[in-house]
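Student: coordinates only, sequence not included:
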């Protein structure tokens, strides 16, 4: 893997574009209604991904809230000696849970990968600053117990997320950089690799008063008001992470500007990180994680390359 961002299918001139808020690099997401109902407790239990069986799942609960849980999915038959931690997206909102990445769970587990599908409280149901961050940190730390119980090597742990989950996944890989007392500091598990697909990797750039309301909601305010939150919750401000990184993003993403990927990759490479940047020409926000699509095949291929 090369030092600095490696690029494929990059839009002409993309490297020179300035990072903008959602209103500049695409349409800003509509603010989340405070009256939106969070998922009921019974609905928070993850259904079985297509092609898998309930017997392959072990619940890893880390709190009393229905969303304070991670599901360990183990392959049938031959198993690879590694752990992939998946983090779902959904604008950090309560309406979306870990079931959103079940197709990726199924794809990876069927190929022999043990997968820990992490959930966390979202904004509107106990989440926000700091609980979304501390929940995700604790969910990832469940992987330390999984590694011991399943006798898996810690140096073969990878965290991967989509959209808001891409932000949280890369932030989870940066937790060892956090100062004492910061939310998520002192990790029990520091992933050896990290990947973001369509991720919000420079939320400070979107956290202005006229920027993305979802970013402001999860950080507890705008960057002008609570910059100290962004300083410890924005992975672009925590580089170098010291682990190999994949940053993948579609250039037709109208939910998260692909300049987010470019800015983070540039910052990480400048700090000395080993980062691979993949910009998928004409690919949208959800298309990038279609298990049958070419974009996901590249992401999955990177997982297989680094974990062996």
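Tutor: Sure, I can see it. If you're wondering where the values come from, they're calculated on a predicted model, not measured in any experiment. Residues are numbered from 1 along each chain as shown.

Student: contacting residues around residue 287?
Tutor: With contact taken as CB atoms under 8 Å, 6 or more residues apart in numbering, residue 287 is in contact with 250, 293, 295. Where C-beta positions appear, they are placed from N, C-alpha and C, glycine not excepted.

Student: other SSEs contacting whichever strand or helix holds residue 306?
Tutor: Remark: residue 306 resides in helix 294-307, with elements defined by DSSP states H and E. For helix 294-307, the contact count by 3 or more CB pairs under 8 Å, 6 or more residues apart in numbering; DSSP states H and E identifies helix 102-110, strand 157-162, strand 193-197, strand 245-250, strand 275-280 as packing neighbours.

Student: so which of these is nearest residue 87?
Tutor: When those are compared by CB to CB, strand 157-162 sits nearest residue 87, at 3.4 Å.

Student: that closest one pairs with which strands?
Tutor: For strand 157-162, sheet partners with direction are given as strand 83-87 (parallel), strand 193-197 (parallel), following DSSP bridges.

Student: what mean pLDDT does that strand have?
Tutor: Average pLDDT, strand 157-162: 98.

Student: and it with strand 245-250, angle?
Tutor: Compare the direction of strand 157-162 with that of strand 245-250 by axes from the mean of the first three to the mean of the last three CA atoms, to 10 degrees and you get 20 degrees.

Student: could you pull out the buried residues of the following helix or strand past strand 157-162?
Tutor: Remark: after strand 157-162, the chain's next helix or strand is helix 164-173, criterion DSSP H and E. For helix 164-173, burial by neighbour count (16 or more other CB atoms under 10 Å) applies to 164-173.

Student: now stretch 74-90
Tutor: When neighbours are counted by 16+ other CB under 10 Å, the buried residues of stretch 74-90 are found to be 74-75, 80, 82-90.

Student: and which of the residues you listed is nearest to residue 254?
Tutor: Using CB to CB, the shortest approach to residue 254 within the buried residues of stretch 74-90 belongs to residue 89, at 14.5 Å.

Student: and the closest residue to that closest one other than its chain neighbours, what does it touch?
Tutor: Of all residues not flanking residue 89 in the chain, residue 163 sits nearest, at 2.8 Å (CB to CB, 6 or more residues apart in numbering). Remark: with contacts taken as CB under 8 Å, 6+ apart, residue 163 is in contact with 89-91, 197-200, 255-256, 285.

Student: please apply the same query to residue 227.
Tutor: So residue 227 contacts residue 204 (CB under 8 Å, 6+ apart).

Student: where does it land on pLDDT?
Tutor: In this prediction, residue 227 carries a pLDDT score of 98.

Student: next: residue 308.
Tutor: Reported pLDDT for residue 308: 81.

Student: burial of it, as a residue count?
Tutor: 8 (other CB atoms under 10 Å).

Student: what of residue 186?
Tutor: For residue 186, the tally of surrounding residues (other CB under 10 Å) stands at 12.

Student: could you do the one 4 residues further on as well?
Tutor: Other residues within reach of residue 190, judged by other CB under 10 Å, total 20.

Student: shouldn't it be in contact with residue 178?
Tutor: No. In this structure residue 190 lies outside contact range of residue 178 using CB atoms under 8 Å: 11.1 Å.
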